[in-house]
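S.K.: 3D model of this:
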Amino acid sequence: MKPSPLHNEESQVPSPEIPEYIIDAAETTTITQLIVREREARDQGRWKTMRECFHADALIRISWITGNADEFVNGSIDMAKRGVLAKHRLGPVLVHRNGDRAIATLAGIIDIPVKIDGVEAQLSSHARFFYRVERREQRWRLSGFEAVYVRDELVPCVPGQTLSVAPAELTPFRSSYRLLSYVLSRNGYRVNSDLPGEDRPATAAALEAELFGWANVQP
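M.R.: Residues are numbered from 1 along each chain as shown. Model (predicted):
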């Protein structure tokens, strides 16, 4: 019985090389889904999934923490236990990739329900999120998470109710994230007052230079 031509090495046609644009699209999708998975896991309390999204030595620098991945996840668990139930609204993710490193940027809004002097309210903090992403041992994970703070707002949940915050209580805080700082400080957090923000454009520019330099990409 003759062997099938399909098993004849001489008759096999080499597979065409995958075009670079297809590889780039696949990598971009992988990185984008990684970021969405991490934020959804954070919001839904899926702590194991959240932890798996990070390299262990990832650097997180945001309002309430500067630390590594374990410290960030454990701190998020503690935050949920304290009743600070933050949720995140995410804009489209833009990925800048160079080999095994990438920077992903997106606009985001952090929503935190609060109660101030008996009035239910919603804090919404607007920011630009920056992720360092790195492929190690053939797997993409997050190497860092940082933000540039833009502005925030605090409004009653029930129309017609009045919410009052004494201006003096906000004096110690930066204008780009003062209400976020106010709410977090009321819950026992010490907020870093030197983070990048649009009220200090040089800090935002310095962060971008650091991150895009790390990945050797252009914004």
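S.K.: mind checking how far Ser181 is from Thr162?
M.R.: In this view, Ser181 and Thr162 are 22 Å apart by C-beta to C-beta, to the nearest Å. Every residue, glycine included, has its C-beta placed from N, CA and C.
S.K.: got the contact list for Gln161?
M.R.: Going by C-beta atoms under 8 Å, 6 or more residues apart in numbering, Gln161 touches Val119, Glu120.
S.K.: A strand includes it, no?
M.R.: No: counting by DSSP: H, G, I helix; E, B strand; the rest coil, Gln161 is not part of a strand but coil.
S.K.: dihedrals phi and psi, it?
M.R.: In terms of degrees, to the nearest 10, the main-chain angles of Gln161 are phi -80, psi 150.
S.K.: what's the closest non-adjacent residue to Gly67?
M.R.: Closest residue to Gly67 apart from its sequence neighbours, by C-beta to C-beta, 6 or more residues apart in numbering: Ile60 at 5.9 Å.
S.K.: cool, and Thr32?
M.R.: Nearest one to Thr32, counting by C-beta to C-beta, 6+ apart, is Val93 at 4.5 Å.
S.K.: per-residue pLDDT, that neighbour?
M.R.: At Val93, the model reports a pLDDT of 98.
S.K.: how about it, what does it touch?
M.R.: Ile31, Thr32, Ile35, Val36, Ala104, Thr105, Leu106.
S.K.: surely the third one and Trp140 touch.
M.R.: No: using C-beta atoms under 8 Å, Ile35 makes no contact with Trp140, being 10.1 Å away.
S.K.: overlap of the contact sets of the two?
M.R.: Jointly contacting Ile35 and Trp140 under the rule C-beta under 8 Å, 6+ apart are Val133.
S.K.: longest helix anywhere in this protein?
M.R.: As assigned by DSSP state H, the longest helix anywhere in the chain is helix 20-44.
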